[in-house]
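Chemist: sequence isn't available, so here's the structure alone:
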């Protein structure tokens with residue numbers, strides 16, 4: 001997966017530089033309470049920068065949220081509306097790889113652009129956040145591709161779906177899982193769509209929990 005490789009490399013470079021977040025951040029409407037339940041995770045997904053609690057999401061912290069694709073695809077719209085955000089779409093890709101990683105992408109309408117926020121969560125830990133202001137045309141092309149990738153109104157029984165995409169909180173699922181040995185044509189289309197979108201974003205957070213003395 002080209003896009004996941006880019007994210008892994010970005011994580012290594014940012015971590016080596018000791019970088020946890022970008023210096024400039026847009027004004028946020030979110031409170032960043034010390035909440036690591038779904039509500040707190042939804043706020044993290046809707047805000048493309050690190051917060052004081054980002055590092056607390058991991059598999060070892062009691063009460064820390066674990067990805068449930070349907071809950072994210074439907075619930076993010078409710079949380080966004082409560083803050084007056086215009087959430088256009090949500091995409092959840094995963095699980096993939098040995099650490100069962102997920103990518104959660106939210107597209108929020110802002111004045112003059114569409115804000116794409118992308119977080120990566122292997123082993124239930126937020127390790128990378130990316131964000132960027134993307135043109136409406138780029139967003140439309142991405143969503144058109146993802147609608148082809150995820151056309152099903154419900155997932156196939158007893159099978160993981162590699163991608164779930166929601167617009168107006170109406171989720172659609174892919175026919176294939178991420179761990180297939182030989183992916184269908186839709187898998188390649190998803191790969192290209194994600195790779196194209198990722199090039200317009202910058203890494204805004206990369207880090208692990210600080211070492212406690």
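Modeler: Perfect, thanks for sending it. Predicted, not measured: the structure shown is a model, and the values here were computed from it.
Chemist: who's in contact with the most centrally placed residue in the chain?
Modeler: By CA atoms, centre = their mean, the mean C-alpha position of the chain lies nearest to residue 104, the distance being 1.7 Å. Residues counted as contacts of residue 104 (CB atoms under 8 Å, 6 or more residues apart in numbering) are 45, 67, 72, 90, 91, 92, 118, 119, 121. The way it works is simple: take the backbone N, C-alpha and C, and place the C-beta from them, glycine included.
Chemist: dump these into JSON lines; add pLDDT as well.
Modeler: Shown next, in JSON lines, are those (pLDDT from 0 to 100):
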{"residue": "45", "pLDDT": "97"}
{"residue": "67", "pLDDT": "96"}
{"residue": "72", "pLDDT": "97"}
{"residue": "90", "pLDDT": "98"}
{"residue": "91", "pLDDT": "98"}
{"residue": "92", "pLDDT": "98"}
{"residue": "118", "pLDDT": "98"}
{"residue": "119", "pLDDT": "97"}
{"residue": "121", "pLDDT": "96"}
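Chemist: related to what we said a few turns ago, report the beta-bridge partner residues of the residue nearest to the centre of the chain.
Modeler: residue 92, residue 119 (DSSP bridges).
Chemist: do the one 4 residues further on as well
Modeler: When assigned by DSSP bridges, residue 108 has beta-bridge partners residue 87, residue 115.
Chemist: how far away is it from residue 170?
Modeler: Separation of residue 108 from residue 170 (CB to CB, to the nearest Å): 17 Å.
Chemist: who's more crowded, the two?
Modeler: A direct count of neighbours by other CB atoms under 10 Å for residue 108 and residue 170 places residue 108 higher, at 21 against 11.
Chemist: so that one touches residue 80, yeah?
Modeler: Yes. Assessed by CB atoms under 8 Å, residue 108 is found in contact with residue 80 at 7.1 Å.
Chemist: now the helices for this protein?
Modeler: 2-16, 38-46, 69-82, 136-149, 185-198 (DSSP state H).
Chemist: lowest average confidence, helix or strand, in this structure?
Modeler: Taking mean pLDDT, DSSP states H and E as the measure, the chain has helix 2-16 as its least confident helix or strand, at a mean of 44.
Chemist: JSON lines please, covering the contacts of residue 104 and showing distance to residue 99.
Modeler: As requested, these are exported to JSON lines (distance: CB to CB, whole Å):
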{"residue": "45", "distance to residue 99": "19"}
{"residue": "67", "distance to residue 99": "12"}
{"residue": "72", "distance to residue 99": "18"}
{"residue": "90", "distance to residue 99": "22"}
{"residue": "91", "distance to residue 99": "20"}
{"residue": "92", "distance to residue 99": "16"}
{"residue": "118", "distance to residue 99": "17"}
{"residue": "119", "distance to residue 99": "15"}
{"residue": "121", "distance to residue 99": "9"}
